[in-house]
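>>> got a predicted model here, sequence first, then my questions.
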Amino acid sequence: MSKVFIAHKSDITEGQAKGFDPLNQGRDSLFIVHKNGECYGYKDICPHYGDTTLPWKKDKYLDSKSDQIVCAAHGALFEIRTGICTQGPCKNQALTNIELDIRQHNEIWVDITTIKEF
Ligand code: FES
């Protein structure tokens, strides 16, 4: 298992999300939501089509109230805490969770092999 540093928790504003491209693939391969003091990581792939990224614009992963994750393509909504789709064409399917290793000084690290699966 080989882990890479992604960001400090404080780099992601509370109540917001941010995409990352740790392998320099030219697009964000994962995103992290910082909500109520917790961070949640997911692959930036919608389960509806399986090869579509979620945001319409860099880092725009959440709805207007920052309550749910939204896929811009067809408006699917996902729970921030579980990644499960609650509304939309992929209802009851889920985003792929990326386990976050939160270390000292609130550094966020992830297993590089979970990113490489794209
Ligand atoms: S590709 Fe995400 S809802 Fe259709």
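Cool, the structure landed.
>>> quick check: bridge partners of the residue minimising distance to the centre of the chain?
Nearest to the mean C-alpha position of the chain, counting by Cα atoms, centre = their mean, stands Phe31 at 2.9 Å. Beta bridges link Phe31 to Gly19, Tyr42, judged by DSSP bridges.
>>> can you map out the helices along the protein?
112-115 (DSSP state H).
>>> I'd guessed the residue nearest to the centre of the chain sits against Gln16; true?
No: using Cβ atoms under 8 Å, Phe31 is not in contact with Gln16; the gap is 10.4 Å. Where C-beta positions appear, they are placed from N, C-alpha and C, glycine not excepted.
>>> tell me the residues that contact both of these two, please.
Asp59 (Cβ atoms under 8 Å, 6 or more residues apart in numbering).
>>> so the residue nearest to the centre of the chain versus Lys3, what's the distance?
18 Å (Cβ to Cβ, to the nearest Å).
>>> what is the burial count for Cys46?
25 (other Cβ atoms under 10 Å).
>>> and stretch 52-69, how far apart are its ends?
14 Å (Cα to Cα, to the nearest Å).
>>> how far away is His8 from the ligand?
Separation of His8 from the ligand (Cβ to the nearest ligand atom, to the nearest Å): 29 Å.
>>> any idea what that residue is bridged to?
What pairs with His8, by the bridge criterion (DSSP bridges), is Glu107.
>>> correct me, but it touches Arg103?
No: using Cβ under 8 Å, His8 is not in contact with Arg103; the gap is 10.0 Å.
>>> quick one, phi psi at Leu100?
phi -100, psi 130 (degrees, to the nearest 10).
>>> any idea how far Asp21 is from the residue nearest to the centre of the chain?
For Phe31, the distance to Asp21 - Cβ to Cβ - is 10 Å.
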